[in-house]
Every structure is written in structure tokens, then in C-alpha cells.
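1. coords please:
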Amino acid sequence: MNTMLEMMTDEELVKSYSVGNNSAFDCLLERHKKYIYNYVLFIIKNKELTEDIFQETFIKAITTIKQGRYTENGKFRAWITRIAHNLIIDHFRQEKSENTVSNDEVQVDLFNNMTLCDITIEERLINAQITQDVKKLIQFLPDNQREVLEMRYYQDLSFKEISELTGVSINTALGRMRYAILNMRKMAEENKMILTID
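-> Numbers count the residues shown, from 1 in each chain. Alright, predicted model coming up:
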């Protein structure tokens, strides 16, 4: 790898690539491929599909840069992660489960215990209860709720980072987390599962 390229910032590499220096994109790929691959694999949990989404992510990045549509100055990693994230969502959308509560359909009786939305309960539910049952429930959450939950607890991202990656406000990300917890509670009750520690 060209030492001079390695010393360049992501933005300088993007500019260099946009004017025809293909080695600049090779450097970007080398710099971010492990992070993007692991990000996709963590959520998809299927190596073959991860390879497909990983390649499609960089193809979209190449196309966008070549067309002069890259405008994320100083945020290349967040930008390319968002491309991968959107491709993952497209994949999961095809497998969407109908047996869940949407953000707009929550009934008042689900709020019988408002402490459910406290961060301490969230911590107990997700961190202290990484059991097979909980992992199964997570898979049945709507896409936007599952992704926030996984990014927050499994990738240890802050709500600010989640907001930037998903393109929604911090309040929306927090709301999706709360609905995810409510949905998991509802599904657990329907399946006679215990998700609290006494």
C-alpha cells in the first residue's frame, strides 16, 4: 500500500479517488473493511449473506463517489456504515414478522408498569438476560426496533451514534428502544416466559 495514501484522511482519499486514483479507494477499503464486515456479520449472522451485503455496500459507495454525490464531509465511516445498515434493513424487511406491535399501535394497557421504560430495567433485561429465549424474542421485533436494540446493547453504541447511523433523532432512537422492550415484554407474557430477575 502506498505510504503517502495511508497518511491521507478518508476525505482526502475520497477526493483522490473521485478524480481517478483507484488506489485511493483500495486504501479506504483496507481501512474500513474489517469494521464494516463485522458490523454486517453481527446483525446478519450469516457469512454468505454478509459477503453479499459487504460487497454491495462498497459498490454503492463507489457509485456514489464516482457520480459526485458524496457529501458527508468528515464522516466517511458513518456514511458507509449507513449504506450497509440500509442494505441490512432491506434484507430484513422481506422477512418481517406480522406478529408484533408497531410503534403506532401500542395500546395503553401495555404501559401497566412504566418502570419498564427505565434504563435500569433495560439493562437488566438485555445485559443480565442474554438467554436463548431473549435472543429468540429479539428476532421477532420490527426492523427499526431490533436494530436500535442490537446497536445499543451488542455493539455498545451511544444513542447519539445510533441516531447518526440510522438517520433519526435521538428521541426517535430512544422511543424505538422503549417499544422494543415493550414488545419483548408482550411476547414474553404471551409465551409464558419470565424476563425479570427477582
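
2. Which residue ranges of this structure form helices?
-> Along the chain, the segments classed as helices by DSSP state H run 3-6, 10-18, 22-44, 47-66, 76-93, 119-127, 132-139, 143-153, 159-166, 170-190.

3. among those helices, which is the most enclosed?
-> When the helices of the chain are scored by mean count of other C-beta atoms under 10 Å, the highest mean neighbour count falls to helix 143-153 (a mean of 21). Where C-beta positions appear, they are placed from N, C-alpha and C, glycine not excepted.

4. Report the angle between that helix and helix 170-190.
-> Here helix 143-153 points in a direction 100 degrees away from that of helix 170-190 (axes from the mean of the first three to the mean of the last three C-alpha atoms, to 10 degrees).

5. low pLDDT regions in the chain?
-> Within the chain, the set of residues satisfying pLDDT under 70 comprises 1, 94-133, 192-198.

6. can you list the domains in it?
-> According to automatic domain parsing, the chain is divided into the following domains: 3-93, 108-190.

7. measure the nearest residue to Arg82 once chain neighbours are set aside to Leu5 for me?
-> Nearest non-adjacent residue to Arg82, counting by C-beta to C-beta, 6 or more residues apart in numbering: Leu165, 5.6 Å away. Relative to Leu5, Leu165 is positioned 26 Å away (criterion: C-beta to C-beta, to the nearest Å).

8. list the contacts for the residue nearest the centre of the chain?
-> For the chain, the residue lying nearest the average C-alpha position, counting by C-alpha atoms, centre = their mean, turns out to be Glu147 (4.7 Å). Shown in contact with Glu147 (C-beta atoms under 8 Å, 6 or more residues apart in numbering): 43, 85, 88-89, 166.

9. Is it possible to get TSV of the residues you listed that adds distance to Asn191?
-> Output for these, formatted as TSV (distance: C-beta to C-beta, whole Å):
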residue	distance to Asn191
Ile43	24
His85	29
Ile88	26
Ile89	26
Thr166	29
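
10. Among those, list the two that are farthest apart in space.
-> Of all pairs drawn from those, the one with the longest distance (C-beta to C-beta) is Ile43 and Thr166, at 12.5 Å.
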